[in-house]
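Q: test case, fold it:
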Amino acid sequence: MTVMPRKSLATSTQAPLLLGATLLLFIVIAGALFLNLMRLRDSFSWVQHTNDVLLAISGIQRAVLEAETNERGYLLTGIDSYSDAYGRAREALASRLDSLRALVGDNREHVARVDELRLFVDMRTAQLGRVIELGPERMHEALDILEQARTDRLTERVETSLTALTRVEQALLTERMHKHDRESLAAALITACLLILAVASAAIAAFLLEHQRATARQQEADQRLQSLQAELMRVARLSTMGEMSSALAHELNQPLGAITNYVQGSRRLVEASSHPDKAKISAALDKAAQQTLRAGAVIQRLRDFVGRGETDKTVESLRAIAEDALALASVVTRDRPVDIALALDPASDRVLVDKVQVQQVFLNLIRNAFEAMRDEPERRLRIGSRAAAAGMVEVVVADTGPGLDAQIAERMFQPFATTKPDGMGIGLSISQTIIQAHGGSISASTPAEGGTVFSFTLPSAGVGAYEPRPAPAD
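A: From the prediction side, this is the model:
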């Protein structure tokens, strides 16, 4: 099992936190920039507002001057165009006073000044209107009104009010311009600082991401190296096991040949005797000789497989292979019988395999099933087959045992992996090697109802019905 270094674990844990803090910082930067822009907009709006007030005051001054000019022109010449121009100036004056009052509506002092100015303007325009009504025809009365206006000094009062408003607004404009400049400078500095901070945060985030990716690549490389080392160790162990198997096969062939000769000699001696049970003894000796020859064939195939990595494939009956394996494995079930069910598809009976090797696969799986069900109250073994894709035949061996051990399920096909106290852990590994050498695959699972199901595939040799044969004797 690969253990992540403590430093890498701390880095992988801190990286998401730092990235989250960077994202929060970007949000704060965006909020600060938005607030600065809003303050700059408000400051500029106040400057623009003051300019609008000054323009309105200037417009009132021009309107008052136009009204007085047109009033004197009409009084001196009697031309109606001066009278019409005076009327337009008076209307414009009233409209501009309303606009000025609306502009300064947020300042009570300014509103009071504008109301005072309106009073003076109304009084002055009333005098001017009276002079226009009298006209040149009543010059003497008009001059009296003008003299009264100089006495009342209404024009000076209007000018004084306008001048006071202008000075106040100019002072406000100066103050607001300075404030706008200060806020613009502060906003520029804050923006620059925030941009520098944002760039630094982005650089830190990029560094963290790259560091995390580099750490992940390093961990992946370490895991790949460990996997390669484990694979090399496994190959070395398999190579050692192959050499041992080859040596054992060479050494066992001689005693097996001797056993065969002894069994055949014993059979001839029994046939020459007058023993009443010589027929049974001869049959038992024949079976012993057959199994000895089979053991020799298994050892020879093992030597060939280890030496060349090849298999001698012939067209065989899947049912015959399964029945032979059951006959060999059933010896261990005499004290604890097992309910065996063969559900092989006759249409998929012919397979292109090495009979001895595939028989060994059946034998390994069946013995494992018998041993797993030994202490179970219900012992049932089912062997089935069906046609599979790509010209293969799928074989299923299912038992009612306790199921797969979770600790070994992922590595059960690896060499030397076993849960048996006296097991070597090479049976399933050899079975997988044999099945893969035939171009198939093998897998195991635990169904919901319990037990273990092994399934493997073998190459089909075409459709061929199976011809029943006598069951093997116990």
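
Q: so for the residue sitting furthest away from the middle of the chain, what's the pLDDT?
A: For the chain, the residue at maximal distance from the C-alpha centroid (Cα atoms, centre = their mean) is H140, at 99.2 Å. H140 carries a pLDDT value of 71.

Q: and what of the one 3 residues further on?
A: In this model, L143 is scored at 73, pLDDT.

Q: show me where the stretch 101-250 of the chain dips below the pLDDT cut-off.
A: In the predicted model, the stretch 101-250 of the chain carries pLDDT under 70 at residues 146-154, 180, 228-250.

Q: which helix or strand contains the residue farthest from the centre of the chain?
A: Element membership for H140 (DSSP states H and E) is helix 139-152.

Q: I'd like the next helix or strand past that helix.
A: Next element after helix 139-152 (DSSP H and E): helix 154-272.

Q: ok, S443 - contacts?
A: 454-456 (Cβ atoms under 8 Å, 6 or more residues apart in numbering). For the C-beta atoms, the positions are set from N, CA and C on the backbone; glycine is no exception.

Q: go with 10 Å
A: Taking Cβ atoms under 10 Å, 6 or more residues apart in numbering, we find S443 in contact with 413, 432, 435, 453-457.

Q: which of the residues you listed fall within helices?
A: 432, 435 (DSSP state H).

Q: neighbour count for the contacts of S443 - can I get that in CSV?
A: Formatted as CSV, the contacts of S443 follow (neighbours: other Cβ atoms under 10 Å):
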residue, neighbour count
F413, 17
Q432, 20
I435, 22
V453, 16
F454, 22
S455, 17
F456, 25
T457, 22
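
Q: ok, R130 touching A142?
A: Yes: assessed by Cβ atoms under 10 Å, R130 is found in contact with A142 at 8.0 Å.

Q: comparing the two, which shows the higher neighbour count?
A: A142 (20 against 16; other Cβ atoms under 10 Å).

Q: got the contact list for that one?
A: Applying Cβ under 10 Å, 6+ apart, the residues near A142 are 71, 74-75, 130-136.

Q: next up, phi/psi of S317, please.
A: When quoted as degrees, to the nearest 10, the phi and psi of S317 stand at phi -90, psi 120.

Q: that should have said L381, apologies.
A: Note on L381: backbone dihedrals following degrees, to the nearest 10 are phi -120, psi 130.

Q: which residues touch it?
A: 326, 329, 333, 338-342, 365-366, 369-370, 373, 397-401, 451.

Q: mind checking which of the residues you listed are in helices?
A: Those of the contacts of L381 mapping onto helices are 326, 329, 365-366, 369-370, per DSSP H.

Q: and those, which is closest to L65?
A: L365 (117.1 Å; Cβ to Cβ).

Q: buried only: go through the contacts of L381 for me.
A: Among these, those buried by neighbour count (16 or more other Cβ atoms under 10 Å) are 326, 329, 333, 338, 340, 365-366, 369-370, 373, 397-401, 451.

Q: out of these, which comes closest to G59?
A: G451 (101.3 Å).

Q: what about that closest one, distance to V131?
A: 122 Å (Cβ to Cβ, to the nearest Å).

Q: wait, doesn't R96 sit right on R62?
A: Yes: if you go by Cβ under 10 Å, R96 and R62 touch, sitting 8.9 Å apart.

Q: quick one: which of those two has more around it?
A: R96 (21 against 14).

Q: just the element for the more buried one, please.
A: Using DSSP H and E, R96 sits in helix 80-103.

Q: right, and the helix or strand after that helix?
A: Using DSSP H and E, the next helix or strand after helix 80-103 towards the C-terminus is helix 108-134.

Q: tell me which residues in that next one are buried?
A: For helix 108-134, burial by neighbour count (16+ other Cβ under 10 Å) applies to 110, 113-114, 117-118, 120-121, 124-125, 127-128, 130-132, 134.

Q: report the contact partners of the residue nearest to G439 when sequence neighbours are not counted.
A: Among residues not flanking G439 along the chain, P459 sits closest, at 5.7 Å (Cβ to Cβ, 6 or more residues apart in numbering). Counting by Cβ under 10 Å, 6+ apart, P459 touches 313, 351-353, 390-393, 438-440.

Q: so what pLDDT did the closest residue to I281 other than its chain neighbours get?
A: Here the nearest residue to I281 in space, its sequence neighbours aside, is V270; by Cβ to Cβ, 6+ apart that works out to 5.0 Å. Here, the pLDDT recorded for V270 equals 74.

Q: can you check L365 too?
A: For L365, the pLDDT comes out at 91.

Q: check contacts around it.
A: Contacts here follow Cβ under 10 Å, 6+ apart; on that basis L365 touches 325, 329, 381, 383, 395, 397, 399, 427-428, 431, 442, 444, 452, 454, 456.

Q: just the closest of the residues you listed to Q290, please.
A: Looking across the contacts of L365 and measuring by Cβ to Cβ, the closest to Q290 is A325, at 14.8 Å.

Q: tell me the secondary structure at the residue lying closest to the closest one once chain neighbours are set aside.
A: Nearest residue to A325, sequence neighbours excluded (Cβ to Cβ, 6+ apart): F362, at 3.6 Å. Following DSSP: H, G, I helix; E, B strand; the rest coil, the label given to F362 is helix.

Q: wait, F362 touches R319, no?
A: No: when contacts are counted by Cβ under 10 Å, F362 is not listed as touching R319 (11.0 Å).

Q: check the contact lists of those two and give me the overlap.
A: I383.

Q: looking at those two, which one has more neighbours?
A: F362 (23 against 20).

Q: list the contacts of the more buried one.
A: Contact partners of F362, counting by Cβ under 10 Å, 6+ apart, are 318, 321-326, 328-329, 383, 395, 397, 431, 456.

Q: scan those and report the most crowded one.
A: V395 (29 neighbours).

Q: closest one to V158 out of the contacts of F362, please.
A: Of all these, V158 sits closest to F456, with 112.5 Å by Cβ to Cβ.

Q: and for the closest residue in space to the closest one that isn't next to it in sequence, the neighbour number?
A: Nearest residue to F456, sequence neighbours excluded (Cβ to Cβ, 6+ apart): I442, at 3.9 Å. Using other Cβ under 10 Å, I442 has 19 other residues around it.

Q: sweet, I'm off.
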